[in-house]
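A.B. asks: coordinates for the following, if possible.
(2 chains)
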Amino acid sequence: MKELWNIFKKGIIEENPIFVLALSLCPALAVTSSALNSLVMGLAVLFVITANNMVVSVTRKLVNPTVRVPVYITSVATIVTVVQLVLQAYLPALNKALGIYLALIVVFAIILARAEVFASKNKVIPSMFDGLGMGCGFALGLLLLGIIRELIGAGTLFGIKILGSWYNPALIMVLSPGAFILIGYMVAGFKMWINHSEKVKLERGEM
Amino acid sequence: MSDENNIEPKVNHEKKYSIFQITINLTIACFISGLIIGVVYFFTAPVAVKTAAGIKTDAMKSLVISAQKFTPIKGKAEWFTAEKDGKVIGYVVPAESKGYGGAIKMLVAVTPQGKIIEFTILESKETPGLGDNASKDPFRNQFKGKAVKDLEVTKDPTKANNIQAMTGATISSKAVTKGIKEAVQEVTQFVGRK
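C.D. replies: Numbers count the residues shown, from 1 in each chain, chains lettered A, B, ... in the order given. Next comes the predicted model:
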């Protein structure tokens, strides 16, 4: 149980897909212009990465290693298409909000990376937890970016006005350059935090 | 078996696969994937069509709130008249133009006099947070009651009659305005001909 928790946990901070592994930065830039978009996208990725990790893990002994990458991509594409079809039929509003980004999940580096690095070498349950952890890390990362960008760039949160009329929104934060700048600071911040916590651990270990 | 191994000293720990094995593996994977998508599509497609139709009626209702009935116009695909007490109070017509991220599909409601009642964006790929805001106020409500001659995008705030561009999304602003303008012109033509 502890082991599964550790697998889950590492995706959130230690190996956070956006801020530490620096994977899938392109969608992280593109969709985080508002908190709601970020959240919806994060949840979609969470679902797809978990489902794909499980599929890859189940079929890991059947897939020929020379064609594993095309097979993984096929698997991701299938899951994403199914999600899209279901959303179209039952949750059209959500489908509209996700727009083109939903189809883009197919080529997310993070999903392929987890399939290759983890799911293809591990059993189903650990793979599921790896997917959940990485997905949560990705979703939380997106949400954090989305909240900061929307708050500074538009003065709102989830479309609700937070900062009063005195606040003059810094539009750059909603545009791509703002995302680049913000992600840079976040990566630096995460690095500092991890360095600091390692130092603390080391000191404790020595004492 | 051991004899065979002796004959082929090339065989090492890494298994070799023939091109046929590799191909069949990938083919099966794609086949299964196709099967799953097919089955899901079979069940969701009818629901999706119904949902899309429902959205369209809702969209038209939200455009012309006072209308009681929408009737398709003969000879004009996707055109509808909005009627109240048997009188035509508006036309709901589709409009399309090329925006920053591809086609913007809209639905425009126009009065028989050629003034805009309201519009809605059905499908677009504009940048979220910028061009995407075309469907929201304050950009959207600028169009209400405007006629063709006022449908020009401007960045000059003193030209209150015209359409003020959205900051950072001039292309989207122009595209939406152009699509709506064309729709209004078509309706005016159509009404004039009758």
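A.B. asks: so which elements touch the helix or strand where A:V48 lies?
C.D. replies: Assigned by DSSP states H and E, A:V48 belongs to helix A:35-58. Packing partners of helix A:35-58 (3 or more C-beta pairs under 8 Å, 6 or more residues apart in numbering or on different chains; DSSP states H and E): helix A:68-90, helix A:92-98, helix A:100-104, helix A:109-117, helix A:124-154. Any C-beta I mention is one placed from the backbone N, CA and C, and that applies to glycine too.
A.B. asks: what separates it from the chain centre, distance-wise?
C.D. replies: With C-alpha atoms, centre = their mean, to the nearest Å as the basis, helix A:35-58 stands 8 Å off its chain's centre.
A.B. asks: for residue 171, what are its contacts?
C.D. replies: You didn't say which chain, so I picked chain A. By C-beta atoms under 8 Å, 6 or more residues apart in numbering or on different chains, A:L171 lies in contact with A:153, B:167-168.
A.B. asks: you answered for a different chain; I wanted chain B.
C.D. replies: With contact taken as C-beta under 8 Å, 6+ apart, B:I171 is in contact with B:99-100, B:131.
A.B. asks: would you pull up how far the host helix or strand of it lies from the middle of the chain?
C.D. replies: In this structure, B:I171 is located in helix B:170-193 according to DSSP H and E. Centre-to-centre, helix B:170-193 and its host chain are 16 Å apart (C-alpha atoms, centre = their mean).
A.B. asks: for the residue nearest to the spatial centre of chain B, give the beta-bridge partners.
C.D. replies: In chain B, the residue lying closest to the centroid (C-alpha atoms, centre = their mean) is B:E123, at 1.9 Å. Here B:E123 sits in beta bridges with B:K105, going by DSSP bridges.
A.B. asks: give me the buried positions along the helix holding B:I171.
C.D. replies: For helix B:170-193, burial by neighbour count (16 or more other C-beta atoms under 10 Å in any protein chain shown) applies to B:171-184, B:186-188, B:190.
A.B. asks: would you mind putting the CA coordinates of that helix into CSV?
C.D. replies: What follows is helix B:170-193, C-alpha atoms only, in CSV (Å, rounded to 0.1, in the frame of the first residue of the first chain):
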residue,chain,number,x,y,z
THR,B,170,-8.2,42.1,-34.1
ILE,B,171,-8.4,39.3,-36.6
SER,B,172,-11.2,37.5,-34.7
SER,B,173,-13.1,40.8,-34.3
LYS,B,174,-12.9,41.5,-38.0
ALA,B,175,-13.8,37.9,-38.9
VAL,B,176,-16.9,37.8,-36.7
THR,B,177,-18.0,41.2,-38.0
LYS,B,178,-17.5,40.2,-41.6
GLY,B,179,-19.5,37.0,-41.2
ILE,B,180,-22.3,38.9,-39.6
LYS,B,181,-22.3,41.6,-42.2
GLU,B,182,-22.6,39.1,-45.0
ALA,B,183,-25.5,37.4,-43.3
VAL,B,184,-27.3,40.7,-42.8
GLN,B,185,-26.7,41.6,-46.5
GLU,B,186,-28.1,38.2,-47.6
VAL,B,187,-31.2,38.7,-45.5
THR,B,188,-31.8,42.2,-46.9
GLN,B,189,-31.5,40.8,-50.4
PHE,B,190,-33.8,38.0,-49.6
VAL,B,191,-36.5,40.2,-48.0
GLY,B,192,-36.2,42.7,-50.9
ARG,B,193,-36.8,40.0,-53.4
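A.B. asks: B:F119 should be in a strand, yeah?
C.D. replies: Yes. Assessed with DSSP: H, G, I helix; E, B strand; the rest coil, B:F119 lies in a strand.
A.B. asks: got the residues of chain B near chain A?
C.D. replies: By C-beta under 8 Å from any C-beta of the partner chain, the residues of chain B that approach chain A are B:17, B:21-22, B:25-26, B:29-30, B:33, B:36-37, B:40-41, B:44-45, B:47-48, B:51-52, B:55, B:101, B:123, B:125, B:127-130, B:167-168.
A.B. asks: tell me which of these fall in helices.
C.D. replies: Among those, the members falling in helices (DSSP state H) are B:21-22, B:25-26, B:29-30, B:33, B:36-37, B:40-41, B:44-45, B:47-48, B:51-52, B:55.
A.B. asks: taking these, please make a ChimeraX selection of just the buried ones.
C.D. replies: For the buried members of those, the matching ChimeraX selection, counting by 16+ other C-beta under 10 Å, is:
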select /B:25,26,29,33,37,40,44,48,51
